[in-house]
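Asker: Let's see this in three dimensions:
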Amino acid sequence: MRLPAERIGADGQRVSRPLVLRFAPRRYRLYPWDRFADEFRLMEILASDGRVGVAPVYGYEPDPTVLGSPFVVLGLVDGQVPPDIPPYHLGGFPSELDDDGQARVWDAGLAAMARVHRLDPVALGVEFAGQPEYGPTGLAQQLAAYERHLDFFALADDSAETVGAALTWLRAHPPAERHPPRLLWGDARLGNLIFAAAGERVAAVLDWEMMSLGQPETDLAWYLHLDRHLSEGVGVARLPGLPGRAATEARYADLLGRPLADLDAYLLFASVRHTLLAARVTRLIIERGLLPAGQVPPIDHYAAALLTRVLEETRRARP
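Answerer: Below is the predicted model of the structure:
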């Protein structure tokens, strides 16, 4: 919810600024855990630190009796956001830019993500971003978190078989994870970035509800996979100016200051996680009657079909 806010400033003049009210999910829960308060605790820390751009957090109200659900008051950040529906590959920002402009948007997103990964989570005091109840920090912890709640996502039988095969492969081929854990954004994708200056700069990084601790490859894989889903996954051509996987890997290694490792495993995990979330979204749309039955997009089938391809690619790359 967007709303204006006014107050009297220190000079006695009336000050007005736009605000955004965000409610904790209650009826439409996408995840089996509630991390709403921690998400905005993290954003407050990041805003205070200043190295990663986020929307300012003006207040958090945990009492659901005030407005019916816990909520947070955020500042509105001006800029452009690449759309998911329809995908930015089909129109809107950044499709109206030339190829060089599209490449700059992609790179600005990578640079913003790298700023997250250069943070020391211990020094910053954000160790709470992890979920130690599911095991040791890293991909094993994230895998366990989703595996323990497979029933929550309600996969179709054919999707469940593919997800099961992918999880078996991941357990048999765990990445080495030799580098210190870093703060992970989680939902790392173009559609969760507010761009300023015609895409030259990221003004704010959005949506931290999938935050975790682990290897930066986790976020990079999600960034690549969600872009693939919004193009190949739904049957549309990818924007010609966006760099491909090889160029993106090379650029991100430069930004991290080290070679990337085991990206195939993280890409497969990204596809598994996306398949689970797509199944949950589809189920919520149908159960809650959010769209007429004949207009529900088959995003669960798109995600599962792409997972099948990613699993085949991973097996070929690492038998």
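Asker: Only C-alpha atoms from now on, for both contacts and neighbour counts.
Answerer: OK.
Asker: same question for the longest strand anywhere in the chain, mean pLDDT?
Answerer: In the chain, assigned by DSSP state E, the strand with the most residues is strand 14-23. The average of the pLDDT scores along strand 14-23 is 86.
Asker: packing partners for that strand?
Answerer: For strand 14-23, the elements it packs on are strand 2-8, strand 71-75, judged by 3 or more C-alpha pairs under 8 Å, 6 or more residues apart in numbering; DSSP states H and E.
Asker: try it again with 10 Å
Answerer: Using 3 or more C-alpha pairs under 10 Å, 6 or more residues apart in numbering; DSSP states H and E as the contact criterion, the secondary-structure elements in contact with strand 14-23 are strand 2-8, strand 57-61, strand 71-75.
Asker: which of those has the lowest average pLDDT?
Answerer: Of all these, the minimum mean pLDDT falls on strand 2-8 (a mean of 52).
Asker: L224 and P243: what is the separation?
Answerer: Counting by C-alpha to C-alpha, to the nearest Å, the separation of L224 from P243 is 10 Å.
Asker: what residues are shared contacts of the two?
Answerer: When contacts are counted by C-alpha atoms under 10 Å, 6 or more residues apart in numbering, L224 and P243 are jointly contacted by E249.
Asker: so what pLDDT did the residue minimising distance to the centre of the chain get?
Answerer: The residue at the geometric middle of the chain, judged as the C-alpha nearest the mean C-alpha position with C-alpha atoms, centre = their mean, is D187 (0.8 Å). According to the predicted model, the pLDDT of D187 comes to 97.
Asker: still on that earlier bit, give the pairing partners of the longest strand of the chain; include direction for each.
Answerer: Within its sheet, and counting by DSSP bridges, strand 14-23 is paired with strand 2-8 (antiparallel), strand 71-75 (antiparallel).
Asker: How about R283, nearest residue that isn't a chain neighbour?
Answerer: Setting aside the residues directly before and after it, R283 is nearest to A154 in space (C-alpha to C-alpha, 6 or more residues apart in numbering), at 7.7 Å.
Asker: cool, and T162?
Answerer: Here the residue nearest T162, using C-alpha to C-alpha, 6+ apart, is T308, at 6.6 Å.
Asker: which other helices and strands contact the helix or strand that contains that neighbour?
Answerer: Here T308 is covered by helix 299-317, with elements defined by DSSP states H and E. Contact partners of helix 299-317 among helices and strands, from 3+ C-alpha pairs under 10 Å, 6+ apart: helix 157-172, helix 217-229, helix 263-287.
Asker: Same list (those helices) but as JSON lines, adding distance to A47.
Answerer: What follows is these, written out as JSON lines (distance: least, C-alpha to C-alpha, whole Å):
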{"stretch": "helix 157-172", "distance to A47": "35"}
{"stretch": "helix 217-229", "distance to A47": "20"}
{"stretch": "helix 263-287", "distance to A47": "27"}
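Asker: Redo the ones you listed as CSV? Include distance to P136 and mean neighbour count.
Answerer: Compiled in CSV, those are given as follows (distance: least, C-alpha to C-alpha, whole Å; neighbours: other C-alpha atoms under 10 Å):
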stretch, distance to P136, mean neighbour count
helix 157-172, 14, 16
helix 217-229, 15, 23
helix 263-287, 17, 21
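Asker: Which of those sits closest to A237?
Answerer: helix 217-229 (9.9 Å; C-alpha to C-alpha).
Asker: CA atoms of that closest one as CSV?
Answerer: Extracted C-alpha coordinates of helix 217-229, given in CSV (Å, rounded to 0.1, in the frame of the first residue of the first chain):
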residue,chain,number,x,y,z
GLU,A,217,27.2,-18.5,-6.3
THR,A,218,23.8,-19.2,-4.7
ASP,A,219,22.6,-15.7,-5.6
LEU,A,220,24.3,-15.6,-9.0
ALA,A,221,22.6,-18.9,-10.0
TRP,A,222,19.2,-17.5,-9.0
TYR,A,223,19.9,-14.3,-11.0
LEU,A,224,20.7,-16.4,-14.1
HIS,A,225,17.9,-18.9,-13.6
LEU,A,226,15.1,-16.4,-13.1
ASP,A,227,16.2,-14.6,-16.3
ARG,A,228,16.2,-17.9,-18.1
HIS,A,229,12.7,-18.7,-16.8
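Asker: residues of whatever helix or strand comes next after it that come out buried?
Answerer: Next in sequence after helix 217-229, counting helices and strands by DSSP H and E, comes helix 245-256. Buried residues in helix 245-256, counting neighbours by 16 or more other C-alpha atoms under 10 Å, are found at T248, E249, R251, Y252, A253, L255, L256.
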